[in-house]
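Undergrad: Task: produce atomic coordinates for the following.
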Amino acid sequence: MPVDLTPIPPIPAGLKEAALRGVVIPFIGAGASRLAGCPGWADFADGALRQLVAKGKFTYSQLDQIKHLSPRVKLSIAKTLADDTKTSIDFEALLHPESRAKNADGQRLYKSLFRLGNVFVTTNYDRWLDERIPEPAASVAPAESPSAPSSATLMRSIYNVNEFLPFVLTQDNAVVHLHGSVVAPRSMILTTRDYIARYANDHRAADASLENRALTFLEHLFGHYTVLFIG
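TA: The predicted model follows:
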């Protein structure tokens, strides 16, 4: 039996109520970044390895031999090889192959997302949430001479796990990058080992130095806010 999908589904009453109370936190996933021109996992992993090929640290023959591996394994190989050879991978170029200012789809999407609130949580590495896209300034000029947009607002980008503190959810213009940011490549959670370390379940250890702040932060987020997953 065919399923009738409405272009704009009805908004749940609970979400409307949470929005009125100011406790909605948009959680932005990879689907949003893909629409804004960022690569998928496969292209991201292959792109990192191709950069190493271009720098003479890997070969096309080796790349072909591992083409069947998952993107996560390929990223592990790329990260290990880059560290061992003291070679940098330009993740910025991979995530933003074109200027964000020239990406009409990305501008439209994230301008809409910024209307949802002042605080965001994301698992994405890219910069799309790091700068609030300005709206055109109000003007009485004729339509054929639109006003220039007002200056952009820099968001407080939080990617260091030690700064994953509940109070940041009460701040204005903040974005929490749960898996790190391209601004600081060393913060990016790329490998299986990285994920295990980030989400180890011993965050209630008696020793405060062993606290897993990522899990403490998420526990507070889901316990006190309504989380709206997008992408």
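Undergrad: hey, where'd the strands end up in this protein?
TA: In the chain, the segments counted as strands under DSSP state E are 24-28, 119-122, 131-132, 153-154, 156-158, 174-177, 226-230.
Undergrad: Ok, which of those comes nearest N103?
TA: Judged by Cβ to Cβ, the one of the strands of the chain that comes nearest to N103 is strand 131-132, at 13.1 Å. No exception for glycine: its C-beta is placed from N, CA and C like everyone else's.
Undergrad: thinking again about what came up before, adding mean neighbour count, write the strands of the chain out as TSV.
TA: As requested, the strands of the chain are exported to TSV (neighbours: other Cβ atoms under 10 Å):
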stretch	mean neighbour count
strand 24-28	20
strand 119-122	23
strand 131-132	17
strand 153-154	12
strand 156-158	17
strand 174-177	24
strand 226-230	14
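Undergrad: do you know which of the ones you listed lies nearest A36?
TA: strand 24-28 (10.3 Å).
Undergrad: Test my guess that N124 contacts A32.
TA: Yes. N124 is in contact with A32 according to Cβ atoms under 8 Å; the separation is 7.4 Å.
Undergrad: before we move on, the earlier item: for the strands of the chain, which one sits closest to L75?
TA: Nearest to L75 among these is strand 174-177 (16.9 Å), distances taken as Cβ to Cβ.
Undergrad: about what we covered before: and N124 and A32? Which one has more around it.
TA: Neighbours per residue, other Cβ atoms under 10 Å: of N124 and A32, the larger number sits with N124, 26 against 21.
Undergrad: Would you enumerate the residues in contact with that one?
TA: Residues in contact with N124, defined by Cβ atoms under 8 Å, 6 or more residues apart in numbering, are 28-30, 32-33, 38, 177, 179.
Undergrad: quick revisit: turn the strands of the chain into JSON lines, including mean pLDDT and distance to L5.
TA: Listed next are these as JSON lines, based on pLDDT from 0 to 100; distance: least, Cβ to Cβ, whole Å:
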{"stretch": "strand 24-28", "mean pLDDT": "97", "distance to L5": "22"}
{"stretch": "strand 119-122", "mean pLDDT": "97", "distance to L5": "26"}
{"stretch": "strand 131-132", "mean pLDDT": "91", "distance to L5": "31"}
{"stretch": "strand 153-154", "mean pLDDT": "88", "distance to L5": "35"}
{"stretch": "strand 156-158", "mean pLDDT": "97", "distance to L5": "35"}
{"stretch": "strand 174-177", "mean pLDDT": "97", "distance to L5": "30"}
{"stretch": "strand 226-230", "mean pLDDT": "95", "distance to L5": "17"}
